[in-house]
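# What follows is a protein structure lacking sequence information:
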């Protein structure tokens, strides 16, 4: 029985959170710079999660 989650699951979750922050920044903020930063961070975490899940 495995009751723990893999670290890649948490990376996927954080990537989704960064994408959500990017979406809200694009919709509600007048300056889109932070939206692009959240979008880039979400993409980085998505790539890291896929690489980490292939190793396990």
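Looks like it arrived, so ask away. Small disclaimer: the values here were computed from a predicted structure and weren't measured. Numbers count the residues shown, from 1 in each chain.
# contacting residues around the one helix or strand residue 39 maps to?
Using DSSP states H and E, residue 39 falls within helix 33-55. Outside helix 33-55, the residues that touch it by C-beta atoms under 8 Å, 6 or more residues apart in numbering are 6-9, 11-12, 14-19, 21-23, 25-26, 29. C-beta here means a position set from N, CA and C on the backbone, and glycine is covered the same way.
# Which of those residues are buried, as a ChimeraX select command?
To isolate the buried ones among the contacts of helix 33-55 in ChimeraX, judged by 16 or more other C-beta atoms under 10 Å, type:
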select :8,11,12,14,15,18,19,21,22,25
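# In helices, which of the contacts of helix 33-55 fall?
Mapping the contacts of helix 33-55 onto helices (DSSP state H) picks out 7-9, 11-12, 14-19, 21-23, 25-26.
# What is the most widely separated pair among the residues you listed?
7 and 26 (28.7 Å; C-beta to C-beta).
# which intervals of the chain have sub-threshold pLDDT?
Filtered on pLDDT under 70, the chain yields the residue ranges 1-4, 55-56.
# Nearest to the spatial middle of it, which residue is it?
Nearest to the geometric centre of the chain sits residue 15, at 1.0 Å (C-alpha atoms, centre = their mean).
# and stretch 32-46, which residues are buried?
In stretch 32-46, counting by 16+ other C-beta under 10 Å, buried: 35, 38-39, 41-42, 45-46.
# chain center to that stretch, what's the gap?
From the chain centre to the centre of stretch 32-46 is a distance of 8 Å (C-alpha atoms, centre = their mean, to the nearest Å).
# And stretch 6-19, by the same measure?
5 Å.
# Show me the contact partners of it.
With C-beta under 8 Å, 6+ apart, stretch 6-19 has contacts from 38-39, 41-43, 45-46, 48-50, 52-53, 56.
# at 6 Å instead, please
38, 41-42, 45-46, 48-49, 52-53, 56 (C-beta atoms under 6 Å, 6 or more residues apart in numbering).
# Next, give me the two most distant ones among the residues you listed.
It's 38 and 56 that sit farthest apart of these, by C-beta to C-beta, at 26.8 Å.
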